[in-house]
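In: quick check, what structure comes out for this input:
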Amino acid sequence: MELASVFIRHVLYATDNSEDARCAFGYAAAVAKQFDAKLTLLHVIPEFKDMVAFDFGIERSVAAQKWFSVNKDFYEEVRLRLMEIANSTYDGKKLALEDVVLEKGNPAKMILQVAEEKECDLIVMGIKGGGVVDEMIGGTVRGVMRRAKIPVMVMRHQA
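Out: Here you go, the predicted structure:
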């Protein structure tokens with residue numbers, strides 16, 4: 001049987017900045033290095049459509065200012081964490097990332113959209129370990145795996 005050749009030119013590492021996701025980054029870096037491929041780092045901030053933006057019992061303008069301030073602080077914290085990952089070293093060398101992307105929206109949809117826009121050949125994601133497959137595979141990973149047109153590598157956190 002003749003096996004198809006595997007060419008990986010661009011790896012997309014999708015992270016939610018959890019410890020589980022971070023352990024997968026080493027695999028993304030290793031694959032990118034092995035294939036001399038580009039590596040893009042992506043974090044998607046979920047958009048909560050039914051989130052209440054205003055506290056009850058206080059003036060709306062004060063609540064809105066408070067909400068936007070918290071939101072801005074959160075985005076800055078996420079951005080700093082992404083830059084920390086982006087400045088990682090692999091095999092003693094600083095990683096050469098193609099891009100660091102911060103998006104807002106439905107995580108599974110955005111991961112697939114970015115993978116398509118950047119013409120990625122592989123998506124790498126981390127997931128929390130567990131005993132039962134249904135418990136182990138979270139909603140975002142399940143959504144990406146179900147709809148991806150390219151291979152998805154899912155790494156379970158090793159304690």
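In: biggest strand in the chain by residues?
Out: Counting residues, the longest strand found in the chain (DSSP state E) is strand 38-45.
In: please name every helix or strand in contact with that one.
Out: Strand 38-45 is packed against strand 10-15, helix 19-35, helix 60-86, strand 99-104, helix 107-117, with contacts defined by 3 or more CB pairs under 8 Å, 6 or more residues apart in numbering; DSSP states H and E. To be clear about C-beta, it is placed using only N, CA and C from the backbone, and glycine gets the same treatment.
In: got a list of what the closest residue in space to Y75 that isn't next to it in sequence touches?
Out: Here the nearest residue to Y75 in space, its sequence neighbours aside, is I45; by CB to CB, 6 or more residues apart in numbering that works out to 7.2 Å. When contacts are counted by CB atoms under 8 Å, 6 or more residues apart in numbering, I45 touches 74-75, 78, 102-105.
In: where does the chain dip in pLDDT?
Out: Filtered on pLDDT under 70, the chain yields the residue ranges 48-71, 128-137, 158-159.
In: mind doing that once more with 80?
Out: 19-21, 47-75, 91, 95-96, 128-138, 157-159 (pLDDT under 80).
In: which residues does V100 form a beta bridge with?
Out: Taking DSSP bridges as the rule, V100 bridges to L41.
In: which residues touch it?
Out: V100 neighbours (CB under 8 Å, 6+ apart): 40-41, 82-83, 86.
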